[in-house]
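Undergrad: Just a sequence and a predicted model for now, questions to come.
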Amino acid sequence: MMKAIFFIISTFLINCSLYAGCGTVDLTNPDYLRSVGKDALIEHFKKPRDQDSVGWCAAYSASDAISFATGEPASALDMTISFHANNASGSNNLNSDQLRSEGMVVTDIIKNVQKNGYCPERSIPSNQTFSSNLGQVTLFSFLEYFQDYINKTNGGRQNIENCESCTTKFFEKYIKSSIPGSTIGLVNEVIRKNNGNGLASLKELLTRVCGENRVATSNIKLESVYSVSSQQYVNKIQEALESSSMPSIVINTSTFAKIEAVPGGHSLHAMVVAGKRMGANGKCEYMVRNSWGRSCSFYIPEVAKTCNENAGTFWLSEDQLTKTLNEVTVVKSTGPIKKTNNGGSKIVLNSDNGKGKTDYGQPIINKENKIKPDETNEGKQLSPIPNPEPNPILNQNANNTFSNFFSDLGSMFQNIANGIGSFLSNFWEEMRKSFSY
């Protein structure tokens, strides 16, 4: 009997503390971003991310987490190429499956950024397909054409005029459009210098184009938890959001995606959590920002109805989120972020050097055999329910201090009431069990 009473009291306290802590947070809200001096992120978070037909979800997740910490959009393309070039263990061919689909780990990408810094999105864009995001393969075509250019110009030694498919028109369409600061002369130079090595050539091209805009990362701290309880995962996410950090998460795609949207079957996938709110069941719901573009047709019905195609986000309940949660990584800024020419600054890593981490990066969206939004009723793009008006985190200006206070106070009492309701339910259930023996 005493054991049952102890369990009931513990449950009551836990429920009250959890429910009372589920206030509304939206790290992408423009008013909030302005209030913390991160105006440069407003347009970035208005657009969906699109990893295209390449398995770079870890880089897109890491770049969003770093972008929020530093206050400037970071290039996922630069992070990916830099990581692969500095950790090359196989083919240097840009058309290889190893580069396009090989899994990466968020913390490993950050460690590479530790040594090399990163390039801003404005210098090396990685949202080439954000305008439509419905099966385009622009990023894939960029890698393919760059390698084809190397092959057909004999490692940059043959004149471009002698290569029928290497005309200025093709250069402008496939390379210049992806790397705005590049020129034919610079491309030939880096290819010749690297003896036709595709990966090394592209890395140097990105480095040269980025130039002095490369950002040091000495004032970034990274924390990662994995193989812990569901509640520990939730606590880490809650702590991050409440302290203005955007956590990266790794979950199985079976939680939110249709099987036909994932080539090779369901597997681990990296995204970020950008907000939270109280759900109708008295538990937290989390706004997840994916890198699969605008379409909501990739998602299972219960997730698709919460999808905001204009921002590339959807909502998961706490139960949905923790069902297959595998890892939570948090990037925090500990001071001003500075530009550097060598990116040699250090990041403090609170981890165990990646021991026990799971390699991920797949799945990519099945864009070749993807759901066609307009062909069948089953495949039609679902009309997302618009998210409620975003509420900036905490008090954002003096004009709404009192209204926010009373609103938060009311929410707190409502959440505690929910906790009491859950407590009573557990109380009667335990009492029933105790007297049934």
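TA: Arrived safely.

Undergrad: which parts of the strand of greatest length in the chain are buried?
TA: The strand spanning the most residues in the chain, taking DSSP state E as the definition, is strand 268-278. By neighbour count with 16 or more other C-beta atoms under 10 Å, strand 268-278 contains the buried residues 268-278. Every C-beta, even on glycine, is put in place using the N, C-alpha and C of the backbone.

Undergrad: farthest pair in the residues you listed?
TA: Spatial extent of the buried residues of strand 268-278 (C-beta to C-beta) is set by the pair 268 and 278 at 28.4 Å.

Undergrad: ok, now which ones touch residue 199?
TA: Residues near residue 199 by C-beta atoms under 8 Å, 6 or more residues apart in numbering: 81, 84-85, 88, 92-94, 99.

Undergrad: State the helix or strand in which it lies.
TA: Secondary structure assignment for residue 199, by DSSP states H and E: helix 198-210.

Undergrad: ok, then the element right after that helix?
TA: Under the assignment DSSP H and E, the closest C-terminal helix or strand after helix 198-210 is strand 220-226.

Undergrad: Following the chain onward from that next one, which element is next?
TA: Downstream of strand 220-226, the first helix or strand assigned by DSSP H and E is helix 230-242.

Undergrad: so what pLDDT did the closest residue to residue 58 other than its chain neighbours get?
TA: By the measure of C-beta to C-beta, 6 or more residues apart in numbering, the closest residue to residue 58 outside its immediate chain neighbours is residue 104, 4.2 Å from it. Here the pLDDT value assigned to residue 104 is 83.

Undergrad: separation between residue 104 and residue 282?
TA: Distance, residue 104 to residue 282, by C-beta to C-beta, to the nearest Å: 37 Å.

Undergrad: These two: who's more crowded?
TA: Set residue 104 next to residue 282 and count neighbours by other C-beta atoms under 10 Å: residue 104 wins out with 24 against 17.

Undergrad: could you check the distance from that one over to residue 44?
TA: Separation of residue 104 from residue 44 (C-beta to C-beta): 21 Å.

Undergrad: hey, what's the residue nearest to residue 58 bridged with?
TA: Bridge pairing for residue 104 (DSSP bridges) gives the partners residue 360.

Undergrad: Wait, it touches residue 80, no?
TA: Yes. Proximity of residue 104 to residue 80 meets the contact threshold set by C-beta atoms under 8 Å, at 7.3 Å.

Undergrad: Name the residues contacting each of those two.
TA: By the contact definition C-beta under 8 Å, 6+ apart, residue 104 and residue 80 are jointly contacted by 56, 59.

Undergrad: And the strands in the chain, which stretches?
TA: In the chain, the strands defined using DSSP E lie at 25-26, 220-226, 248-252, 268-278, 284-289, 313-317, 327-333, 348-350.

Undergrad: To residue 301, which of these lies closest?
TA: strand 313-317 (11.6 Å).

Undergrad: which outside residues touch the closest one?
TA: Here strand 313-317 makes contact (C-beta under 8 Å, 6+ apart) with 28, 48, 255-256, 274, 277, 279, 281, 283-290, 296, 299, 303-304, 306-308, 387.

Undergrad: CA atoms only: put it into CSV for me.
TA: Output of strand 313-317 as CSV, limited to C-alpha atoms (Å, rounded to 0.1, in the frame of the first residue of the first chain):
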residue,chain,number,x,y,z
THR,A,313,7.8,22.3,-40.6
PHE,A,314,5.4,20.0,-38.9
TRP,A,315,4.3,19.2,-35.4
LEU,A,316,4.8,16.0,-33.4
SER,A,317,3.3,15.1,-30.1
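
Undergrad: avg pLDDT for that strand?
TA: Mean pLDDT, strand 313-317: 97.

Undergrad: just stretch 140-147 next, same as before
TA: For stretch 140-147, mean pLDDT is 84.

Undergrad: got the buried residues for it?
TA: Neighbour counts over stretch 140-147 (16+ other C-beta under 10 Å) mark 140-143, 145-147 as buried.

Undergrad: could the residues you listed be laid out in a markdown table, adding distance to residue 230?
TA: Shown next, in a markdown table, are the buried residues of stretch 140-147 (distance: C-beta to C-beta, whole Å):
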| residue | distance to residue 230 |
| --- | --- |
| 140 | 36 |
| 141 | 41 |
| 142 | 40 |
| 143 | 38 |
| 145 | 45 |
| 146 | 43 |
| 147 | 44 |
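
Undergrad: Not counting sequence-adjacent ones, nearest residue to residue 77?
TA: Using C-beta to C-beta, 6+ apart, the closest residue to residue 77 is residue 126 (3.7 Å).

Undergrad: neighbours of that neighbour, just the number please.
TA: When neighbours are defined as other C-beta under 10 Å, residue 126 has 28 of them.

Undergrad: Hmm, it is touching residue 139, no?
TA: Yes. With contact defined as C-beta under 8 Å, residue 126 reaches residue 139; the gap is 7.5 Å.

Undergrad: Any regions of the chain where pLDDT drops low?
TA: Scanning the chain for pLDDT under 70 picks out 1-21, 88-91, 98, 101-103, 128-137, 155-166, 218, 335-437.

Undergrad: how about 80 then?
TA: Scanning the chain with the threshold set as pLDDT under 80 gives 1-21, 52-53, 88-91, 95-103, 114, 127-140, 152-170, 173-174, 217-220, 334-437.

Undergrad: What is the end-to-end distance of stretch 96-113?
TA: Across stretch 96-113, the terminal residues are separated by 23 Å (C-alpha to C-alpha, to the nearest Å).

Undergrad: Stretch 247-267 now?
TA: End-to-end distance of stretch 247-267 (C-alpha to C-alpha): 20 Å.

Undergrad: same deal with stretch 258-271?
TA: Start-to-end span of stretch 258-271 (C-alpha to C-alpha) is 17 Å.
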